[in-house]
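1. Kindly generate the corresponding structure for this input.
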Amino acid sequence: MPARHTRIAPQSSHGQLAAALSALRTEFSLPAGFPSGAEQEARTAAPAAPELDLRDLPFLTLDPVGSRDLDQAFHLERRGGSAGFLVRYAIADVPGFVRSGGVIDGEARLRGQTVYLPDGAVPLHPRILSEGRASLLPGEDRTAYVWTIALDEAGEQTAVRLERAAIRSRAQLDYPRAQQAIEAGSAEGPLALLREIGELRVERERARGGASLNMPEEEIVRDDAGYRIERRFPLLVEEWNAQLSLLAGMSAGAMMLEAGIGILRTMPPPKPEALDAFRTRVGALGAPWAPDTSYGDYLRSLDREAPQSPAVLQAAASLFRGAAYAAFDGEPPAESAQAALAAPYAHVTAPLRRLVDRWGLAICAAISADRAVPEWARASLAELPALMRGSGARAAQISSAALDRVEAALLRDRVGERFTAVVLEAGKRARIQIAEPPVTAHCAGDGLVAGERVRVRVVRADVPSGELELAVA
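-> Sure, this is the predicted structure:
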C-alpha cells in the first residue's frame, strides 16, 4: 500500500493542535528532562574494554528516515560453498554505560521506554547517550553486543553466540533508500544479502506455523507545513530487517530457557473457538479462509489493496492478545512461547529505547560466555514485568491520545461533510476507517456490517480533547 497522507489544511488548527499535543505531557506526567546527576553520568560513563575488535567489518544501520537513536547494526555474509550464511547483529552497549543503582538506571526504571510524541520524543536515557555516545552512528567507534548467528542454506539457525565487540558502522541507511537500492540491483555489501536472508527467515517462520501480522501503520509526521497522518504498510525491506531482530530475539529466548534464567516476551495462542469465529467472520467479509490453508499462509495471501482487507487484518489482530513479560530464575514459565512467532522470544535488540533489553543482553552474554549472570540483573529480574507492563500501557494511551487529537484537527473545519469509510468492527460503537483524510474512529453502529463501505458525516471534532463524533449519512 502506498503511503496515504493528508496535511492539516486550515492554519487556524496549527496552534490549537500544538497546544493540545503539548498538554499530553502534563496530562500523563511525562518528565521534561533528566536530573543533573543523570546528565553527568551520561557524559562520564565509560564501557569496559570489549572482548573482540570487529571494526574491520562493514556494519550498516537501517532505520526510519532521520533516526538518531540507533540500536542495531548488521553485517551479513555468505559462507563458502553451500554452508549458508553468517549474520552479525550488533546492539548498542547500554549495559556498559548505565551503572546499576546509578541515577540513569533509576530514571530509566521510572520511564520504562522511550515515548514518541508528534512534537518530540521523551527518551528513556539522556540524549547524549541515546543519540550520541551509545548510538551506533556511522563512522564512530562503538562497543556493542554482537550476536553471531550461523544459518544453513535454508536459513535455519545452526549456531549462536553473543559477545561484546568494538565495531564501526560504515553507513546509516533509511528504509526508502535501501528498498530503492535493492530493487535497482545496486545494493552492495551486507545490504545485498538482506533480501535473500530475510525471505529465507520468512519461509522458516511459515514452516514453524508462525504468522507475523504486518498491520498498516498510522504515523503522525511533523514538518514545516504542520502535522499529517501517514497510513501505510511496511516496505518489504522493513520486513526483511525485522527478521534479523526476530532471529536475535528467538536466539535469546532459547538461550535463556536452556540456562534456566531470563525474561521472555510471551503471548498465548488463540483459543480454537476464537479461530472458528475468525474463519466465520472473514468468510462473511468475502475473504474466505480455506480449511487446508494455515492461518499464516492465509494472512500472507491477502491482497492488501482489497477493500475488505482492513477489516480482515483488524479481526486477525484481535486473535493474538495477552502479550506479557515472564521473568524466571530456575523453573521456566508455564507459557514460554510467543504464539505469533511460534517460538520462544525475548526483547534484546532495542536497549536505547526499551528498559528490559538491558537485562536480556547482560543475561545472554553471561550465558554465552559460561559466566555467572551479573548479580544486579539477577536480583532485579522479578521487577521487570510490572515495570514494562506499566510503561507499555502508558505509551499506548499517549499514542492513542495524540492520534485522536491530530484526527480531530484534520476534521475540525469539515463538520457536516460526508466521507466514504470501511467498517472495521461492527457493534453499537462501530469502528470505521476513512480513507481520505486517513482517520480511524467510532460511530453509532446499528445495522453496520464489518467490511462494508458506508458514508459517514462529521458531527463534531474537538481538538483539545481529541473527541470525534461521526454518524452514518
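2. which outside residues touch stretch 452-459?
-> Applying C-beta atoms under 8 Å, 6 or more residues apart in numbering, the contact partners of stretch 452-459 are 307, 411, 414-423, 432, 434, 443, 448, 468-473. Bear in mind the C-beta positions are built from the backbone N, C-alpha and C, glycine included.
3. ok, now stretch 237-252?
-> 62, 72, 74, 87, 89, 91, 147, 149, 157, 160, 162, 175, 178-179, 182, 194-195, 197-199, 201-202, 205, 212, 214, 234, 262, 265, 341, 343-349, 360, 364.
4. cool, and stretch 286-306?
-> 1, 205-206, 209-211, 213, 216, 233, 275, 278-279, 282-283, 308-309, 312-313, 316, 451.
5. Grab the most central residue of this protein for me.
-> Ala242 (8.8 Å; C-alpha atoms, centre = their mean).
6. Tell me how many other residues crowd Arg321.
-> By other C-beta atoms under 10 Å, the residues close to Arg321 number 11.
7. about what we covered before: so what's the residue nearest to the centre of the chain scoring on pLDDT?
-> According to the prediction, Ala242 has pLDDT 96.
8. Repeat that for Cys443.
-> At Cys443, the predicted lDDT confidence score is 89.
9. So it belongs to a strand, correct?
-> Yes: going by DSSP: H, G, I helix; E, B strand; the rest coil, the assignment for Cys443 places it inside a strand.
10. sorry, back to before: separate out the buried members of the contacts of stretch 237-252.
-> With burial judged by 16 or more other C-beta atoms under 10 Å, the buried subset of those is 62, 72, 74, 87, 89, 91, 147, 149, 157, 160, 162, 175, 178-179, 182, 194-195, 197-198, 201-202, 205, 212, 214, 262, 265, 341, 343-349, 360, 364.
11. Which members of the residues you listed occur in strands, if any?
-> Under the assignment DSSP state E, the buried ones among the contacts of stretch 237-252 contribute 62, 72, 74, 87, 89, 91, 147, 149, 157, 160, 162, 262, 265 to strands.
12. Just name the closest of those residues to Pro333, please.
-> Nearest to Pro333, judged by C-beta to C-beta, of those is Gly262 at 9.9 Å.
13. what about the residue nearest to the closest one when sequence neighbours are not counted, helix or strand, and which?
-> The spatially closest residue to Gly262, leaving aside those adjacent along the chain, is Met256, at 2.6 Å (C-beta to C-beta, 6 or more residues apart in numbering). Assignment of secondary structure by DSSP states H and E places Met256 within helix 236-259.
14. Can you mark which positions in that helix are buried?
-> Judged by neighbour count using 16+ other C-beta under 10 Å, the buried positions of helix 236-259 are 236-257.
15. re the thing from before, would you check which pair of the ones in strands among the buried ones among the contacts of stretch 237-252 lies furthest apart?
-> In these, two members sit farther apart than any others by C-beta to C-beta. They are Leu62 and Gly262, at 27.0 Å.
16. Cross-check the contact I'm expecting between Ser212 and Ala342.
-> No: with contacts counted by C-beta atoms under 8 Å, Ser212 stays clear of Ala342, the gap being 10.1 Å.
17. overlap in contacts of the two?
-> The contact lists of Ser212 and Ala342 share Glu205, where a contact means C-beta under 8 Å, 6+ apart.
18. ok, which stretches of the stretch 101-250 of the chain are helices?
-> Listed from the start of the chain, the stretch 101-250 of the chain has helices (DSSP state H, counting those that start in this stretch) covering 103-111, 127-128, 175-184, 191-208, 236-259.
19. Make JSON lines out of those and add distance to Leu21.
-> Listed next are the helices of the stretch 101-250 of the chain as JSON lines, based on distance: least, C-beta to C-beta, whole Å:
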{"stretch": "helix 103-111", "distance to Leu21": "19"}
{"stretch": "helix 127-128", "distance to Leu21": "20"}
{"stretch": "helix 175-184", "distance to Leu21": "25"}
{"stretch": "helix 191-208", "distance to Leu21": "36"}
{"stretch": "helix 236-259", "distance to Leu21": "26"}
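20. Quick one, which of the ones you listed gets closest to Gly322.
-> Gly322 sits nearest to helix 236-259 of all the helices of the stretch 101-250 of the chain, at 17.1 Å, using C-beta to C-beta.
21. so the closest one versus strand 261-266, what angle?
-> Inter-element angle recorded for helix 236-259 and strand 261-266: 140 degrees (by axes from the mean of the first three to the mean of the last three C-alpha atoms, to 10 degrees).
22. now helix 236-259, how far from the centre of its chain.
-> In terms of C-alpha atoms, centre = their mean, to the nearest Å, the gap separating the centre of helix 236-259 from the centre of its chain is 13 Å.
23. before we move on, what about stretch 369-388?
-> Relative to where its chain is centred, stretch 369-388 has its mean C-alpha point 23 Å off (C-alpha atoms, centre = their mean).
24. Ok, stretch 299-308 next?
-> In terms of C-alpha atoms, centre = their mean, the centre of stretch 299-308 is set 22 Å apart from its chain centre.
25. before we move on, back to that, could you give me the ChimeraX selection string for whichever of the contacts of stretch 286-306 are buried?
-> Here is the ChimeraX command that selects the buried residues among those (16+ other C-beta under 10 Å):
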select :205,206,210,211,216,233,278,279,282,308,309,312,313,316,451
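26. Looking at the contacts of stretch 286-306, which are in strands?
-> For the contacts of stretch 286-306, secondary structure assignment (DSSP E) places none in strands.
27. Which parts of the stretch 301-450 of the chain are helices?
-> Secondary structure of the stretch 301-450 of the chain by DSSP H, counting those that start in this stretch: the helices cover 309-317, 356-368, 375-380, 384-411.
28. Give the buried residues for the third one.
-> Buried residues in helix 375-380, counting neighbours by 16+ other C-beta under 10 Å, are found at Trp376, Ala377, Arg378, Ser380.
29. next one: stretch 266-276
-> Thr266, Met267, Pro269, Pro270.
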